Structure formats: structure tokens, C-alpha cells
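Engineer: quick check, what structure comes out for this input:
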Amino acid sequence: MGFGDWFTKKKPERSDADEPMSPIYVMGGQSVRFLSSTAVATADNAQRQSPQLYRITNFIASSVQSVPWFCEPDPDTKVSEQALPGKIKAINDLLKSPNDTYTSQQLQYWVALNLMLYARAHFKVGMGTSGSPTGIYPLAAKHVRGVLNNRGVVDKYEYGTGENMTVLPSRRTAERGGPTGVSYAGEIAFPSLTGL
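Structural biologist: Predicted coordinates:
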């Protein structure tokens, strides 16, 4: 252990299998997104038809990403019911470095953009064998479908289509019967007029 090791934070141990398939790749240190020519034409056409939508969503998402995320004990809760300092520190470390591909600002931008355009934002939480989260990975809202049980509660999420579809348990399902270290999916959503 060198002198410089005292001042650097240890990188979390994240499983490569936790990161979902993404259309964005890092090549030569730059994020590159491979899109079909149809998708490029659709996006270009939509941007020309409604440049205001792009400007508004970009402005709001950029504003959201400039606000730092952090976790602290709830002052209105009894001390005995508050989260322990170790748990709060682990959550804050995770919020500062959500995964190996996205910075915390990029994750905030992605969440804000999905909330504005789809009224929901989905994410996958990678879990370590100790039972603490090791990574937060964004999922594209338009490719995620919640699967309800017979009581109308989301039991799992399906991400993608066809042979590339991944099934992820909800947090409640993963905690109820799964072994420690099982990744799960979650969502932030606003109710619609239909109640969904």
C-alpha cells in the first residue's frame, strides 16, 4: 500500500454481468452510439418537426444534472429508526459513481429525460454478495415492460425484445425469495390518468 492509496477511494467491485446491453459503446475514450439508418432518420425528422421539444428537454435535463445527489438521515425520524452512517455512506458513494460507464451527472440527465418523455424512468441495481448495491444502470423506458402478478403488483420487468430480452425481478421479489447478490430492476414513475 503506497502513500497515494490513502487518498484515493477504492473502486467498487462490480460484476460485468450486471451491466445491461447498451447501444452506446466507448471507443477511443469517446461514447459512440450505433444506430440504424432508420433510427437516425426518425430522430432527425422528429428534431426538425419539433426543435422546441429537444431544446426544452435538453434544458431541463441539463439543469437537473447540475444538482448534486446525496443521502442523509431524515431529521423527522427517531434516531433508532434512521439509517446507519455506514449505509448512508455506501449510498452516497454509489450516487457519486453509479457505474463504470455513466457518471452521476449522466445518470441524472438520463433519468430526467425518461421522466419527461415517458413519465417513468427504469434502472437496474447490481447487488454485491454482501447484500449492498454496487451499481445503478439506466434502462431505456421505451424498452421496459412491467409484468404484474394477479394482485396488480409488478413482480418483474422485461427489458428488450426477442432473444435479447432480459427478465429482471423487482426489488420486492428479489428480496423475498432470492439469494443475496441478485440484481433487480426498479422504476420511478408518475401515475397516468388510467391509474397505471
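Engineer: would you mind pulling the contact partners of the helix or strand encompassing Thr173?
Structural biologist: Take DSSP states H and E as the rule and Thr173 turns out to sit in helix 171-177. Contacts with helix 171-177, where a contact means CB atoms under 8 Å, 6 or more residues apart in numbering, come from Val125, Met127, Val153, Asp155, Lys156, Val182, Ser183, Tyr184, Ala185, Gly186. Yep, even glycine has a C-beta here, placed from its N, CA and C like the rest.
Engineer: need the max-distance pair from those.
Structural biologist: Met127 and Val153 (20.7 Å; CB to CB).
Engineer: who has more neighbours, the two?
Structural biologist: Met127 (22 against 11; other CB atoms under 10 Å).
Engineer: for the more buried one, give me the backbone phi and psi.
Structural biologist: phi -110, psi 140 (degrees, to the nearest 10).
Engineer: the one 4 residues further on too?
Structural biologist: Phi and psi for Gly131, reported as degrees, to the nearest 10, are phi 90, psi 0.
Engineer: picking that back up, pull the distance from the helix holding Thr173 to the chain's centre.
Structural biologist: 18 Å (CA atoms, centre = their mean, to the nearest Å).
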